[in-house]
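J.: only the shape, not the letters, is given here:
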């Protein structure tokens, strides 16, 4: 049977009428140069800053530079697996990391991938690592203390939940130890801790994890590690990944403590990336936006208002100085971003005063708002006692004859320094701190030999646990946050001192 031309024409018209174009399009580019963790890609005209790119061999990259003829991307994997001429695809997604309680107790890299050899992390939620910090109206003033368990910090430079307090000092002066002790003291304090290790040796990170595990602190902690052997892009991303994980808990109404150890290495990694991306160098070869690098990170620490759940992120960034020079470029940048600094001095550390906190250069711009009433009352004269002692100490070296007033001030200063010493990983509850500082500031230690003060302190803590009045005072401080009646405190210290001396 012959098919008429009009039938063929009608069939073609019907097919054209019902035709649906199903084209699968994906923007691709070509690698034109690669090396040192950087790839320049031609052809991705619509790429976004911060967008995730897919390279061959399942290597991911993130767009950093948007130039007229190409984009500059940082590689989040081995540079050796990427070569010139490779095809690169856009994902149209901004870089994200897994977040949520599934990460607690784990050691992960800045991409949220496990490093502890345990099972994969099956997190329900993900968050983009770069976001705008909470605005002023979303925040509440800092008013709750974050107890570190370290006498010299809780009394002299108190830290509040939602504060940003810089820990600064030369290498090997105990900066990381202060931060780790603060994490250990958050046990049973309803505070989640995140430790971000930037450019540390892997053995150092293993040591930190073991310390947390030994003191039963890993269960409420997350360790984000970008070690010294990792490429610079991972070191750059590490703190942003850490604070993104923290924000998930903060917006869930929880309190979070995050440690950045340390931001000096972070700035150096960013300088390396920026110079490789041909960004103009500025002072000390750092790019012009190195201040913004840390300000947009640290501004994400906040105490949210009650309408948003009242959660908080408390940030303790660490900065390493060279020969105690806190006026250098990166230290002054971060000092101006944070709400105070704890300055650790090398000569104090080497003379056996540990933690080696310089009370004159250390400050908390939140101050008494971050202290309970009890410790605020007993620590009021401490800073002045220390400052007077430091001044008289230098003066007394030149003269042997001292008047009684000067000698009394020197003796009080020596005892103050001795009381503020503290052993590593031995945090002290705030109620016990209040009792020893009360004994110090009310003159009960003036008649105790300097070499016996540490013994006096340890036996006082033991006495507080065993004695009925001691237990009552500890409970009262913990519940009311106020200093008990002077009569009651005097009775406690007098009774203990009579037993101690005998």
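T.: It's in. Just so it is clear, the model here is predicted, and its values are computed rather than measured.
J.: all strands of the stretch 201-350 of the chain, in order?
T.: All strands of the stretch 201-350 of the chain, identified by DSSP state E, counting those that start in this stretch, fall at 221-226, 255-261, 312-320, 340-344.
J.: run the angle between the second one and strand 221-226 for me.
T.: Right, the one you point to is strand 255-261. If you take axes from the mean of the first three to the mean of the last three Cα atoms, to 10 degrees, strand 255-261 sits at 30 degrees to strand 221-226.
J.: what does the third one give?
T.: Direction vectors for strand 312-320 and strand 221-226, defined by the same axes, to 10 degrees, enclose an angle of 40 degrees.
J.: packing partners for strand 312-320?
T.: Counting contacts by 3 or more Cβ pairs under 8 Å, 6 or more residues apart in numbering; DSSP states H and E, strand 312-320 packs against strand 166-169, helix 175-184, helix 232-250, strand 255-261, helix 263-276, helix 290-298, helix 329-337. C-beta coordinates here come from the backbone N, C-alpha and C atoms, glycine included.
J.: among the strands of the stretch 201-350 of the chain, which is nearest residue 149?
T.: strand 255-261 (12.2 Å; Cβ to Cβ).
J.: quick one: strands adjacent to that closest one?
T.: strand 191-198 (parallel), strand 312-320 (parallel) (DSSP bridges).
J.: just put those strands in CSV and tack on mean neighbour count, distance to residue 132 and mean pLDDT.
T.: Putting the strands paired with strand 255-261 into CSV (neighbours: other Cβ atoms under 10 Å; distance: least, Cβ to Cβ, whole Å; pLDDT from 0 to 100) gives the following:
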stretch, mean neighbour count, distance to residue 132, mean pLDDT
strand 191-198, 26, 20, 98
strand 312-320, 26, 14, 98
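J.: out of the helices and strands packed on strand 312-320, flag the one nearest residue 483.
T.: Judging the helices and strands packed on strand 312-320 by Cβ to Cβ, what sits closest to residue 483 is helix 175-184, at 23.9 Å.
J.: mind checking the pLDDT average for that closest one?
T.: Helix 175-184 carries an average pLDDT of 97.
J.: next: stretch 293-310.
T.: Confidence for stretch 293-310, expressed as mean pLDDT, is 96.
J.: buried ones in that stretch?
T.: Buried residues in stretch 293-310, counted by 16 or more other Cβ atoms under 10 Å: 293-298, 300-304, 308, 310.
J.: same check on stretch 167-177?
T.: 167, 168, 169, 170, 173, 174, 175, 176, 177.
J.: do the same with stretch 266-274
T.: 266, 267, 268, 269, 270, 271, 272, 273, 274.
J.: closest one to residue 419 out of those residues, please.
T.: residue 266 (35.7 Å).
J.: what number of residues lie near residue 501?
T.: Neighbour count for residue 501, taken as other Cβ atoms under 10 Å: 10.
J.: tell me the spacing between it and residue 198.
T.: 50 Å (Cβ to Cβ, to the nearest Å).
J.: out of the helices and strands packed on strand 312-320, flag the one nearest residue 402.
T.: That would be strand 166-169 among these, by Cβ to Cβ, at 32.3 Å.
J.: flag the shaky bits of this protein, pLDDT-wise.
T.: 1-4, 19-26, 398-400, 502 (pLDDT under 70).
J.: mind running it again at 50?
T.: Applying pLDDT under 50 to the chain flags the ranges 23-24, 502.
J.: for residue 469, what are its contacts?
T.: 488, 491, 492, 495 (Cβ atoms under 8 Å, 6 or more residues apart in numbering).
J.: try residue 308
T.: Per Cβ under 8 Å, 6+ apart, neighbours of residue 308: 134, 138, 251.
J.: recalculate using a threshold of 7 Å.
T.: Shown in contact with residue 308 (Cβ atoms under 7 Å, 6 or more residues apart in numbering): residue 138.
J.: same question for residue 364.
T.: If you count contacts by Cβ under 7 Å, 6+ apart, then residue 364 has 157, 158, 159, 165, 340, 370 around it.
J.: in TSV, list these along with neighbour count.
T.: Output for the contacts of residue 364, formatted as TSV (neighbours: other Cβ atoms under 10 Å):
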residue	neighbour count
157	24
158	26
159	28
165	28
340	19
370	27
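J.: which one of those residues is nearest to residue 127?
T.: Nearest to residue 127 among the contacts of residue 364, with distances taken as Cβ to Cβ, is residue 165, at 24.8 Å.
J.: which phi and psi does the closest one have?
T.: Phi and psi for residue 165, reported as degrees, to the nearest 10, are phi -120, psi 120.
J.: apart from its neighbours in sequence, what residue is nearest residue 282?
T.: Of all residues not flanking residue 282 in the chain, residue 288 sits nearest, at 4.9 Å (Cβ to Cβ, 6 or more residues apart in numbering).
J.: number of residues surrounding the one you found?
T.: Using other Cβ under 10 Å, residue 288 has 12 other residues around it.
J.: go on, residue 373?
T.: Count around residue 373 with other Cβ under 10 Å applied: 13.
J.: give the contact list for it.
T.: 481, 482, 483 are the contacts of residue 373 under Cβ under 7 Å, 6+ apart.
J.: hmm, 10 Å instead?
T.: 434, 477, 480, 481, 482, 483 (Cβ atoms under 10 Å, 6 or more residues apart in numbering).
J.: would you format those residues as TSV with secondary structure, distance to residue 86 and neighbour count included?
T.: Putting the contacts of residue 373 into TSV (DSSP: H, G, I helix; E, B strand; the rest coil; distance: Cβ to Cβ, whole Å; neighbours: other Cβ atoms under 10 Å) gives the following:
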residue	secondary structure	distance to residue 86	neighbour count
434	helix	64	28
477	helix	64	23
480	helix	67	12
481	coil	62	16
482	coil	67	13
483	coil	68	21
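J.: which two among the residues you listed are spaced furthest apart?
T.: 434 and 480 (11.8 Å).
J.: measure residue 393 to residue 423 for me?
T.: Distance of residue 393 to residue 423, computed by Cβ to Cβ: 24 Å.
J.: more neighbours: the two, which one.
T.: Ranked by neighbour count (other Cβ under 10 Å), residue 393 and residue 423 place residue 393 first, with 13 against 9.
J.: and residue 331, what does it touch?
T.: Contacts of residue 331 by Cβ under 10 Å, 6+ apart are 166, 168, 169, 263, 264, 319, 320, 321, 322, 325, 341, 343.
J.: again, but for residue 142
T.: Residue 142 makes contact with 158-164, 302-303, 312, 314, 339, 364-367, 369-370 under the criterion Cβ under 10 Å, 6+ apart.
J.: nearest residue to it other than its sequence neighbours?
T.: residue 160 (3.7 Å).
J.: where's the one you found relative to residue 390, distance?
T.: 27 Å.
J.: so what does residue 46 look like in phi/psi?
T.: According to degrees, to the nearest 10, residue 46 has phi -100, psi 10.
J.: much appreciated, bye for now.
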